[in-house]
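> Okay, predicted coordinates and the sequence, questions at the end:
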Amino acid sequence: MLAKLSAKHPIVENILVYRELSKLKSTYVDALPTMINPRTNRVHTSYNQAVAVTGRLSSNNPNLQNIPIRTERGREVRKAFVPRNPEYTLLSADYSQIELRIIAAISEDANMIDAFRSGLDIHTATAAKVYGVEIADVTPDMRRNAKSVNFGIIYGVSAFGLSENLGIARSEAKTLIDNYFIQYPSIKKYMENQVKFAQKTGYVQTLMGRKRWLKDINSSNAVVRGYAERNAINMPIQGTAADMIKLAMISLHKTFREHNLRSRMILQVHDELVFDAHLDEVETIKPLIIEGMRNAMPLAVPVEAEIGTGRNWLEAH
DNA sequence: AATTTCACG
DNA sequence: ACGTACGTGAAATTA
């Protein structure tokens, strides 16, 4: 973690920029063109259905689930992904806050369910709750901290991990987490119950019944055991999201067949589906995709998907 | 061959 | 006292 030292010496910034550029060049700019299939003139990834322990897909040769988007130069790489010809457009649809909606639904936490049902921005709503202020009085810093807690909760975060992530005192992080569990008591209960269930049965499972065995859940080594406990919390969340998008993919495949569409589903990136969409079909398929994704696996909270089109993968977002 | 680093959700 | 946020894959570096 060099970034932590960036204030110590000016050279660190230069090293980080160098690393960013060498990563983009070696992994994407140099590599991807060599993987174009000459017959189809495209890059074709492989999706693995039995690699990720949570039930997610993974992608290799090349990995198209980690195409850059977070930095300016990285986004230039993403622009290289374009539709097959000018009669097509790239269409991207992604689930909104799907893992938080899932934890709200399966923990049956009334407060978080209410936040989603009222259509609030979940990080703002969480900030208002943990800082005890009105929604309108949530500052950007408060929202940022609440967002980190929301993410951290899904991973089974500790006060130490949160303080590291946010660059705040551990005591402050602890207060945030304590307030979080006061505001969302059933989420705390859910986490405890997942660990208990795993200790008793040796596994945890998604809403659809996909299991992950946790052989270390009763280990006498606290580090090893802690890791298994976080797995017990996280896997049902991440795995249920994986189950949901897979069901959506099957449903949409059928729907596209039935409508004799020329548009094609071409990529899946965990909570996102990308389509090579014929221009004449865009307005037809948009609602089909949105509804296919929303209705794939009904939850006790609304499931939302956002959709966009563009001349390349970046613009489609 | 194992580890480190970094790209993504 | 101890270590410390989930899941992947690819390239470069270390040994």
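Ah, there it is.

> quick one, longest helix in chain A?
The longest helix of chain A (DSSP state H) is helix A:222-258.

> Which positions in that one come out as buried?
A:225, A:227-249, A:251-252, A:256 (16 or more other Cβ atoms under 10 Å). In this view, the C-beta of every residue, glycine as well, is placed from N, C-alpha and C.

> and the gap between the nearest residue to residue A:297 once chain neighbours are set aside and DNA strand B?
Of all residues not flanking residue A:297 in the chain, residue A:244 sits nearest, at 4.3 Å (Cβ to Cβ, 6 or more residues apart in numbering). Distance of residue A:244 to DNA strand B, computed by Cβ to the nearest atom of the strand, to the nearest Å: 12 Å.

> got the buried residues for stretch A:310-317?
Using 16+ other Cβ under 10 Å as the test for burial, stretch A:310-317 gives A:310, A:312-314, A:316-317.

> Of these, which belong to strands?
Members of the buried residues of stretch A:310-317 lying in strands (criterion: DSSP state E): residue A:310.

> now residue A:270: how far from DNA strand B?
The gap separating residue A:270 from DNA strand B is 3 Å, by Cβ to the nearest atom of the strand.

> And for that residue, the neighbour number?
Neighbourhood size, residue A:270 [other Cβ atoms under 10 Å]: 18.

> Report the closest residue of the stretch 101-250 of chain A relative to DNA strand C.
In the stretch 101-250 of chain A, the residue that lies nearest DNA strand C is residue A:152 (2.0 Å; Cβ to the nearest atom of the strand).

> who are the neighbours in contact with that residue?
By Cβ atoms under 8 Å, 6 or more residues apart in numbering, residue A:152 lies in contact with A:161-162, A:165, A:177.

> can you do 10 Å?
By Cβ atoms under 10 Å, 6 or more residues apart in numbering, the residues touching residue A:152 are A:158-159, A:161-162, A:165-166, A:173, A:176-177, A:180.

> One more: residue A:130?
Taking Cβ under 10 Å, 6+ apart as the criterion, residue A:130 is in contact with A:142, A:145-146, A:149-150, A:175-184.

> what's the helix or strand for it?
helix A:122-131 (DSSP states H and E).

> before we move on, the earlier item: biggest separation within the buried residues of stretch A:310-317, which pair?
Greatest spatial distance among the buried residues of stretch A:310-317 (Cβ to Cβ): A:312 and A:317, at 9.8 Å.

> what's the overlap in contacts for the two?
Both residue A:312 and residue A:317 are contacted by A:75, A:78, A:90, under the criterion Cβ under 10 Å, 6+ apart.

> Top of these by number of neighbours, please.
Highest neighbour count within those: residue A:90, with 24 neighbours (other Cβ under 10 Å).

> what about it, distance to DNA strand B?
To DNA strand B, residue A:90 is 15 Å away according to Cβ to the nearest atom of the strand.

> No further questions, thank you.
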